[in-house]
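*Asks:* Structure for the following, please:
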Amino acid sequence: MKSRLIRFIALFSGGLAVLVAVFVYAPLPFLEASPVDTARALDNEERTHAKFELIESGRSLDQPFPAMMMRRENPTTPERVELGRLLYFDPIVSGDNQQSCATCHHPDLGFSDGRGTSMGFGGQGIGPQRVGGHDLPRGSPTIWNAAYNGSQFWDGRATDLEDQAQNPIAADAEMGQDRDELVEELRAVPEYVERFAGAFDGDGAAAITFENVTFAIAAFERTIVTHDSRYDKYAAGDKGALTESERRGLNLFRSLKTRCFECHNLPTFANPDFKIIGVPELDGQEFDPGRGKFDGPDYDGAFKVPTLRNVALTAPYMHNGKLSTLAEVVEFYADGGGLKFGKTGLDDKIRKFHLKNKERRDLVAFLEALTDESALPEVPTAVPSGLPVIERLGDAARRAPPPPDAPTVAVDVPRDAEGHLLIASGSGLKIQDGLDAAKPGDTVKVMPGIYHETLSFDAHEVTLIGVEVDGERPVLDGEKRLTDAMVGVGHDLEIRGFDIRNYTSNGVMLNLSTDVRFIDLKLDDTGLYGVYPVESVGVLVENCTVTGARDAGIYVGQSKDVIVKDCVAHANVTGIEIENCIDAIVEGCDVYDNAGGVLVFLLPNNPSKLSQRCVVRNNKIHDNNHFNFADPNATVANVPSGTGVMLLAADDVEVVDNEITGNKTVGVVVLALDNLFDAFDVDPIPERNVVHGNVLANNGTDIDAKAVRQGFPEGADLMWDLSGVGHGFDQPGATTFPPSLPAPDWGDFRRRANQRFWTLLMKAFG
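*Replies:* Alright, predicted model coming up:
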């Protein structure tokens, strides 16, 4: 009796304290902004919309390059470029007049230095033969296309090329030059006085400043660009520019089997983010925190995603040169990156995958096809200082890949009476032959039969139709040996009327595309995803049925203007996933027997940094209680079995007029990103989501353990983790957690009081 009284007094006192705290703190607003600072939030908005603008302006694989990082006060002029070229190759910029920029970024070594880790001040020689100087902890990043980098150096500590140029010159361990002494040395050289005055509209020696030195070098480096490889010719429409092996390698590169394209984005084959992939330290080397030095321990071991253009010229690889060849790089990723070495906290795209020896060769062949030195600048035979210029190393040192095998040869494809390209089973023609022969405006018709192919659908204004005859349709069958049914890029594309089955990685994937339509497709057991448009603008997925996907049956990611309608998704890990998209609609779909039904996510480390304005309406989302069979390292592995609709960090989502029933963990749940991630480069807080007018019944009857670990002690029709502001729930009679959820018409004070109350109560009583 006494113990119960003590418990009652404790509970009463605790509850009273909570109520007092609520009324004291309720007037204070909850943080509408996330832990992501304002500058990064604005950058996320700008980068995302700029990405969509680039996609809309592109055609097929021939995507426009992003704008170079430019300073308004440093316009690129012929005079500055030529001055920068001379300074780049002149040892006068170093403290002992022994090394130039080109010493560590040599044109014959892919504008790197051919070493695993670089050697700075005091060294003698070039490349792997350099000895006697300061050993640096990282390798020299290539200058090729450095002008397109979001930031410079492996750890991104320099904002642009001007900022980058000043660092090694003045660093004691690198070039060891005093800034003022450099200016005095340059002013003593008449030709430099003349050239600086002409390049910067200055008055004689006064035009020579350390800032202008960095401006000139940066102007020159902006001319070191590569975008005319054989891959680029293929992207521009020359289907014979790549060999069969290289084309297979391209498909592997953009397959979800390898996931290369998700970090090395087209057309730069890089991206501005920093990734933790788990490269092991060299023997005796201390751990290098990389970006963690600036962004905190969550980014320890994260480094910039480098460009793969001219990658065949820049061995060895990784920030510390740990891997000697491209074949070793492929093996490293196939082994799961740093997982093999016990590394933790890796990027979620780092997973093990199996490649046959032929596939490994194909992937390396494609990487070699990214080689282009057509813009290689002329190395001056002499520089104004009179100091010796670096020696040339010749073609052998450049490690240029061997000449390709015979290119792809076009095949004559017949046309039907309507002028459509026609592929018939047993004709000896492949569907790929029809796609290669297609011109803008063409339709490729495929007759019933079973086809064992991975298709490259790189085109624009092309329709691929499976023809149904007596109830039979064409079947794309990967026989559990092919990775993807179809991968491609383009504009105004339509894929209709196919059965697709037995692929190991993905069903149908298009990326960097505009106005793409997936209609009347039936996909079963196609790997991670069934229908997979990503980084696209104008997407329609209609009347498609997907089963057996180990991630999402229908996934639309990093895209804008999306409609998913009248589809069926069942027996997948998740039925329909809308990730980092703007303006998406999911309607009229039947989603059942998945682990999770419909997901609207904002996830970190993707090209799009926003998830805004999704509408989920008029769907049947029921009985999603399947066992979650996702890869344990995948984000969707965290989705509790029995989830109907999950809104994760998404903003301005409306869930309306759906039938959401029989989902054992929850009908609809709204969560912040920190339930799943410790570090994020996006706004992790969901805001202004509205759930109303739905039929909610028999949800939350047997909550999954994953949901309990995420902080929900019991199942319900509606759950909210109390994060974010502006949410509205109008579902009379629904079971909820917490017991009271804000209605759309609640005022600010009432919203804040309710949110404070449940937040404090949960903290007080666990």
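*Asks:* low-confidence ranges in the stretch 401-550 of the chain?
*Replies:* 402-409 (pLDDT under 70).
*Asks:* Where do the strands of it begin and end?
*Replies:* 421-423, 443-446, 449-451, 455-466, 474-477, 484-496, 499-501, 506-511, 514-519, 522-524, 529-534, 537-542, 545-547 (DSSP state E, counting those that start in this stretch).
*Asks:* Put together a markdown table for the ones you listed, with distance to P91 and mean neighbour count on each row.
*Replies:* C-beta: built from backbone N, CA, C; applies to glycine. Below are those laid out as a markdown table (distance: least, Cβ to Cβ, whole Å; neighbours: other Cβ atoms under 10 Å):
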| stretch | distance to P91 | mean neighbour count |
| --- | --- | --- |
| strand 421-423 | 61 | 23 |
| strand 443-446 | 59 | 22 |
| strand 449-451 | 61 | 15 |
| strand 455-466 | 46 | 23 |
| strand 474-477 | 60 | 22 |
| strand 484-496 | 45 | 24 |
| strand 499-501 | 60 | 22 |
| strand 506-511 | 45 | 28 |
| strand 514-519 | 50 | 22 |
| strand 522-524 | 61 | 23 |
| strand 529-534 | 48 | 30 |
| strand 537-542 | 50 | 21 |
| strand 545-547 | 62 | 23 |
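*Asks:* Make a markdown table out of those and add distance to K763.
*Replies:* Formatted as a markdown table, these follow (distance: least, Cβ to Cβ, whole Å):
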| stretch | distance to K763 |
| --- | --- |
| strand 421-423 | 64 |
| strand 443-446 | 60 |
| strand 449-451 | 59 |
| strand 455-466 | 53 |
| strand 474-477 | 54 |
| strand 484-496 | 48 |
| strand 499-501 | 50 |
| strand 506-511 | 43 |
| strand 514-519 | 46 |
| strand 522-524 | 46 |
| strand 529-534 | 39 |
| strand 537-542 | 42 |
| strand 545-547 | 42 |
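*Asks:* So for F287, which of the ones you listed sits nearest?
*Replies:* strand 529-534 (33.8 Å; Cβ to Cβ).
*Asks:* Next up, the contacts around L363.
*Replies:* With contacts defined as Cβ atoms under 8 Å, 6 or more residues apart in numbering, the neighbours of L363 are 249, 252-253, 258, 260, 330, 355.
*Asks:* what about it, which SS state?
*Replies:* At L363 the chain is in helix, as set by DSSP: H, G, I helix; E, B strand; the rest coil.
*Asks:* Would you quantify the distance from it to D681?
*Replies:* 28 Å (Cβ to Cβ, to the nearest Å).
*Asks:* just P640 next, same as before
*Replies:* When distance is defined by Cβ to Cβ, P640 is 25 Å away from D681.
*Asks:* Mind checking which of these two has more residues around it?
*Replies:* Using other Cβ atoms under 10 Å as the criterion, P640 and D681 rank with P640 on top: 24 against 18.
*Asks:* where does that one land on pLDDT?
*Replies:* For P640, the model assigns a pLDDT of 96.
*Asks:* next one: S374
*Replies:* S374 is given a pLDDT of 93.
*Asks:* go on, A50?
*Replies:* 77.
*Asks:* where does it fall, phi/psi-wise?
*Replies:* A50 has phi and psi values of phi -60, psi -40 when expressed as degrees, to the nearest 10.
*Asks:* Nearest residue to it in space, please, no chain neighbours.
*Replies:* P66 (7.1 Å; Cβ to Cβ, 6 or more residues apart in numbering).
*Asks:* Give me the neighbour count for the one you found.
*Replies:* P66: 17 neighbours (other Cβ under 10 Å).
*Asks:* Would you check that L718 makes contact with L741?
*Replies:* Yes: counting by Cβ atoms under 8 Å, L718 touches L741, with 6.2 Å between them.
*Asks:* Can you check which residues contact both of the two?
*Replies:* Residues touching both L718 and L741 comprise F729, with contact defined as Cβ under 8 Å, 6+ apart.
*Asks:* rewinding a little: so for F601, which of the strands of the stretch 401-550 of the chain sits nearest?
*Replies:* Minimum separation from F601 across the strands of the stretch 401-550 of the chain (Cβ to Cβ) falls at strand 529-534, 13.2 Å.
*Asks:* packing partners for the closest one?
*Replies:* strand 506-511, strand 514-519, strand 537-542, strand 545-547, strand 552-557 (3 or more Cβ pairs under 8 Å, 6 or more residues apart in numbering; DSSP states H and E).
*Asks:* tell me the angle of the last one relative to strand 529-534?
*Replies:* Which is strand 552-557. Here strand 552-557 runs at an angle of 0 degrees relative to strand 529-534 (axes from the mean of the first three to the mean of the last three Cα atoms, to 10 degrees).
*Asks:* and after strand 552-557, which helix or strand comes next?
*Replies:* Remark: after strand 552-557, the chain's next helix or strand is strand 560-565, criterion DSSP states H and E.
*Asks:* so which of the strands of the stretch 401-550 of the chain comes closest to R179?
*Replies:* strand 506-511 (45.5 Å).
*Asks:* Show me how the record splits the protein into domains.
*Replies:* Structural domains annotated on the chain: 67-409, 421-765, as defined by automatic domain parsing.
*Asks:* most tightly surrounded among those?
*Replies:* Greatest average neighbour count among the domains of the chain goes to domain 421-765 (a mean of 22), per mean count of other Cβ atoms under 10 Å.
*Asks:* gap between that domain and the chain center?
*Replies:* Its chain's average C-alpha position is 18 Å from that of domain 421-765, according to Cα atoms, centre = their mean, to the nearest Å.
*Asks:* same question, stretch 261-274
*Replies:* On Cα atoms, centre = their mean, the centre of stretch 261-274 falls 6 Å from that of its chain.
*Asks:* how about the CA coordinates for it, as CSV?
*Replies:* Extracted in CSV, the C-alpha atoms of stretch 261-274 (Å, rounded to 0.1, in the frame of the first residue of the first chain):
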residue,chain,number,x,y,z
PHE,A,261,26.6,6.0,-61.1
GLU,A,262,25.0,7.0,-57.8
CYS,A,263,28.2,8.7,-56.7
HIS,A,264,30.0,9.3,-60.0
ASN,A,265,27.2,11.3,-61.6
LEU,A,266,27.0,12.1,-65.3
PRO,A,267,28.3,14.0,-67.1
THR,A,268,31.3,14.9,-64.8
PHE,A,269,31.5,11.4,-63.3
ALA,A,270,31.9,13.1,-59.9
ASN,A,271,29.7,14.9,-57.4
PRO,A,272,30.2,17.5,-54.7
ASP,A,273,29.6,15.2,-51.8
PHE,A,274,32.0,13.5,-49.4
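*Asks:* So for it, mean pLDDT?
*Replies:* On average, stretch 261-274 scores 91.
*Asks:* do the same with stretch 657-669
*Replies:* Mean predicted lDDT for stretch 657-669 stands at 97.
*Asks:* mind saving the C-alpha coords of that stretch as PDB?
*Replies:* The C-alpha coordinates for stretch 657-669 follow below in PDB (Å, rounded to 0.1, in the frame of the first residue of the first chain):
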ATOM      1  CA  ASP A 657      -8.800   9.400 -49.300                       C
ATOM      2  CA  ASN A 658      -6.800   6.200 -49.100                       C
ATOM      3  CA  GLU A 659      -7.900   2.900 -47.600                       C
ATOM      4  CA  ILE A 660      -5.100   2.000 -45.100                       C
ATOM      5  CA  THR A 661      -6.000  -1.200 -43.300                       C
ATOM      6  CA  GLY A 662      -4.500  -4.300 -41.700                       C
ATOM      7  CA  ASN A 663      -0.900  -3.000 -41.400                       C
ATOM      8  CA  LYS A 664       0.200  -4.600 -38.100                       C
ATOM      9  CA  THR A 665       2.700  -1.900 -37.000                       C
ATOM     10  CA  VAL A 666       1.100   1.400 -38.200                       C
ATOM     11  CA  GLY A 667      -1.200   2.900 -40.800                       C
ATOM     12  CA  VAL A 668       0.700   6.200 -41.300                       C
ATOM     13  CA  VAL A 669       3.900   7.300 -39.500                       C
END
